[in-house]
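Student: For reference, the sequence and a predicted model appear below.
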Amino acid sequence: MTPRAATALRWSGVAAATALAAVAFGAAGLPSAALFAALAVGIAYALAVAHRRPLALPKPGLTVGQAIVGVALGASVDAETLEAVGADWLTVVVMTVATLAISLGAGLAMARATGLDRATACLGLIAGGASGIVAMADELKADARLVAFMQYLRVLVVVLLAPLVAHYLLYDDGGGHAPPAGGEGLVLDLAFTAGCGVVGVAIARLVRLTAGTLLVPLVVAAILSVSGIAGDAAVPELVQDVGFALIGLQIGLRFTVATIREAGRLLPATLVSILAMVALCAGVAAATAPLAGITYGDAYLATTPGGLYAVLAAAADLGGNTTFVVAVQSLRVFAMVLLAPPLVRLLVGRPARAGARR
């Protein structure tokens with residue numbers, strides 16, 4: 001067998017394992033199942049096989065993955081979402097700025113306490129847009145493997161905590177319905193995804209923007225979505241899964257035994273940081289709920305640091321104000337992904353107390 005055929009065979013096995021794991025994780029109710037699955041399969045391959053038969057995702061594969069994730073995030077912002085928070089714009093701004101400040105503060109504190117570099121610590125704890133943050137980590141000189149570990153630990157903690165806290169402490173029993181998913185039909189959705197992705201990547205290469213292959217498609221998709229030009233077009237679910245899987249594999253295949261040990265060393269500090277973020281965001285909710293005239297339960301779900309789909313499901317199931325919750329969470333994801341690169345570069349530009357990039 002030729003080396004090229006052998007590599008193709010290994011990729012086929014990795015792809016099949018990723019697909020099976022994604023189905024299993026999806027059945028278990030995990031968010032971003034394709035990305036979790038790809039991370040798990042990539043890590044397993046890297047630790048068990050890569051020392052004999054290494055695999056690395058080609059650069060075009062990462063570009064495609066970043067563009068798909070960018071378009072998916074941009075398509076989630078629509079005119080109805082903006083209108084829903086128009087009357088409460090001050091509350092939304094306060095919530096977003098406060099959550100961003102809490103995230104960056106937690107990252108700086110963790111960097112100081114553990115010796116982790118600032119870029120990795122701050123990106124690892126940014127509250128929102130986990131897939132987008134992970135996708136841009138390398139370009140911001142962070143350790144994408146540790147950023148992924150911290151981001152998805154945050155998502156897992158919030159996904160577990162938010163519905164339980166909302167159900168048992170904040171809401172009376174109630175009913176509700178989640179908003180329907182967007183879409184204009186497979187052909188138009190594919191055309192929207194491809195068009196935004198190709199145009200966005202081409203512009204990104206011209207302007208040489210940091211993380212541009214994710215951010216520019218995001219902006220292009222958001223403009224078309226908000227303006228109504230694209231109608232209800234969205235990235236097809238299977239295409240989203242491919243994008244998430246490409247990013248997950250790119251990171252997972254780079255894990256080493258040393259990285260796993262480092263992640264284990266950081267686990268206690270990361271958990272403490274995440275729980276502190278949850279508590280501080282709950283405080284922000286208490287302060288801002290009266291400004292918008294909403295219940296504390298709705299404000300808590302709107303400000304909780306991540307877990308958009310679990311948070312929205314909790315709001316719908318418990319009879320909460322789903323429009324406000326999804327609007328604030330969606331806009332915060334958008335803001336976090338756009339603002340993270342310049343803010344992290346600004347913070348990293350300052351002299352760090354300790355720690356070099358791992």
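Tutor: All right, it came through fine.

Student: What sits closest to residue 130 if chain neighbours are left out?
Tutor: Of all residues not flanking residue 130 in the chain, residue 151 sits nearest, at 4.2 Å (Cβ to Cβ, 6 or more residues apart in numbering). Quick note: C-beta positions are derived from backbone N, CA and C, even for glycine.

Student: can you tell me which residues contact the one you found?
Tutor: Taking Cβ atoms under 8 Å, 6 or more residues apart in numbering, we find residue 151 in contact with 123-124, 126, 130, 133-134.

Student: among these, which ones are buried?
Tutor: Those of the contacts of residue 151 that meet the buried threshold are 123-124, 126, 130, 133-134, by 16 or more other Cβ atoms under 10 Å.

Student: Residue 16: which of those is nearest?
Tutor: Nearest to residue 16 among the buried ones among the contacts of residue 151: residue 134, at 23.3 Å, using Cβ to Cβ.

Student: thinking again about what came up before, check which helix or strand covers the residue nearest to residue 130.
Tutor: Per DSSP states H and E: residue 151 is located in helix 144-165.

Student: can you pull the buried residues of that helix?
Tutor: Within helix 144-165, the residues scored as buried using 16+ other Cβ under 10 Å are 144-159, 161-163, 165.

Student: The nearest residue to residue 131 once chain neighbours are set aside: which element?
Tutor: The spatially closest residue to residue 131, leaving aside those adjacent along the chain, is residue 69, at 5.1 Å (Cβ to Cβ, 6+ apart). Secondary structure from DSSP H and E places residue 69 in helix 59-75.

Student: likewise residue 300?
Tutor: Per DSSP H and E: helix 296-303 holds residue 300.

Student: now that helix, how far from the chain's geometric center?
Tutor: Distance of helix 296-303 from its chain centroid, counting by Cα atoms, centre = their mean, to the nearest Å, is 20 Å.

Student: How about stretch 23-41?
Tutor: With Cα atoms, centre = their mean, you get 14 Å for stretch 23-41.

Student: which residues touch residue 328?
Tutor: Residue 328 is in contact with 85, 92, 95-96, 302-303, counting by Cβ under 8 Å, 6+ apart.

Student: just those residues now: which is nearest residue 281?
Tutor: Set against residue 281, the nearest of these by Cβ to Cβ is residue 303 (4.6 Å).

Student: quick one: the closest one from residue 218, how far?
Tutor: Separation of residue 303 from residue 218 (Cβ to Cβ, to the nearest Å) stands at 22 Å.

Student: same thing with residue 188?
Tutor: 19 Å.

Student: Could you do residue 122 as well?
Tutor: Residue 122 sits 20 Å away from residue 218, going by Cβ to Cβ.

Student: the more surrounded of the two?
Tutor: Set residue 122 next to residue 218 and count neighbours by other Cβ atoms under 10 Å: residue 218 wins out with 30 against 27.

Student: Could you double-check that the more buried one sits in contact with residue 70?
Tutor: Yes: in this structure, residue 218 is within contact of residue 70 by Cβ atoms under 8 Å, at 3.9 Å.

Student: between the two, what contacts are shared?
Tutor: Any residue near both residue 218 and residue 70 by Cβ under 8 Å, 6+ apart counts here, and that gives 132, 200.

Student: report the longest helix in this protein, please.
Tutor: helix 257-292 (DSSP state H).

Student: Tell me which other helices or strands that one touches.
Tutor: Packing partners of helix 257-292 (3 or more Cβ pairs under 8 Å, 6 or more residues apart in numbering; DSSP states H and E): helix 33-48, helix 89-114, helix 118-125, helix 144-165, helix 296-303.

Student: Next secondary structure after the fourth one?
Tutor: If I follow you right, that is helix 144-165. Using DSSP H and E, the first helix or strand after helix 144-165 is helix 186-207.

Student: buried set for that following helix?
Tutor: Across helix 186-207, burial judged by 16+ other Cβ under 10 Å covers 189, 192-193, 195-197, 199-201, 203-204.
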